[in-house]
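Student: Give me a 3D structure for the following:
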Amino acid sequence: MTKRKNLSRLAKARIFDRWRGLCVVCGLMIRPERGDRFEIHHIKALWAGGPDVESNMGPAHLDPCHRQLSANDNTTRAKTDRIRANHLGISKLGKKLPGGKDSPFKLTMRRGVVARFTQIDEHLRVMREREVK
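Tutor: You can find the predicted model right below:
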């Protein structure tokens with residue numbers, strides 16, 4: 001991931017002028033003289049391999065455009081990281097919960113702690129119990 005650099009006020013003004021005051025997210029005018037606040041947004045995210053250069057940046061309304069886009073980017077980045085880790089076979093940190101989804105046992109209301117089977121195995125077991133009765 002590329003390291004994010006701090007932008008000077010002059011650099012932010014250049015980026016704002018290059019985009020002629022248009023928000024890169026919604027395409028509406030940003031009007032600072034009316035109190036509109038904006039942030040400089042990376043068009044291609046740094047975590048996705050985007051460069052940290054002015055040509056990859058544009059102004060975006062602080063609310064809701066930039067905050068919503070950042071939240072969506074964080075969700076997408078986290079999911080991408082999880083998929084990649086699973087693909088590489090990297091196990092999750094921490095202990096498995098007893099009786100959790102990955103446990104070989106489960107807790108039932110009627111029979112207490114029992115071995116966890118696949119749905120087909122469970123169906124066959126139930127059918128065998130019915131035949132015995």
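Student: And the residue nearest the centre of the chain, how far from residue 82?
Tutor: Against the mean C-alpha coordinate of the chain, by Cα atoms, centre = their mean, the closest residue is residue 75 at 1.4 Å. Separation of residue 75 from residue 82 (Cβ to Cβ, to the nearest Å): 11 Å. Every C-beta, even on glycine, is put in place using the N, C-alpha and C of the backbone.
Student: How about residue 12?
Tutor: With distances defined as Cβ to Cβ, the gap from residue 12 to residue 82 amounts to 34 Å.
Student: out of those two, which sits in the busier spot?
Tutor: Remark: of residue 12 and residue 82, residue 12 carries more neighbours, 16 against 12, as counted by other Cβ atoms under 10 Å.
Student: helix, strand or coil for the more buried one?
Tutor: When classified by DSSP: H, G, I helix; E, B strand; the rest coil, residue 12 comes out as helix.
Student: for it, what are its contacts?
Tutor: Contact criterion Cβ atoms under 8 Å, 6 or more residues apart in numbering gives residue 40 as the residues in contact with residue 12.
Student: For it, give its distance to residue 59.
Tutor: Distance check for residue 12 against residue 59: by Cβ to Cβ, it reads 8 Å.
Student: Can you work out which residues contact both of the two?
Tutor: Each of residue 40 lies in contact with both residue 12 and residue 59 under the rule Cβ under 8 Å, 6+ apart.
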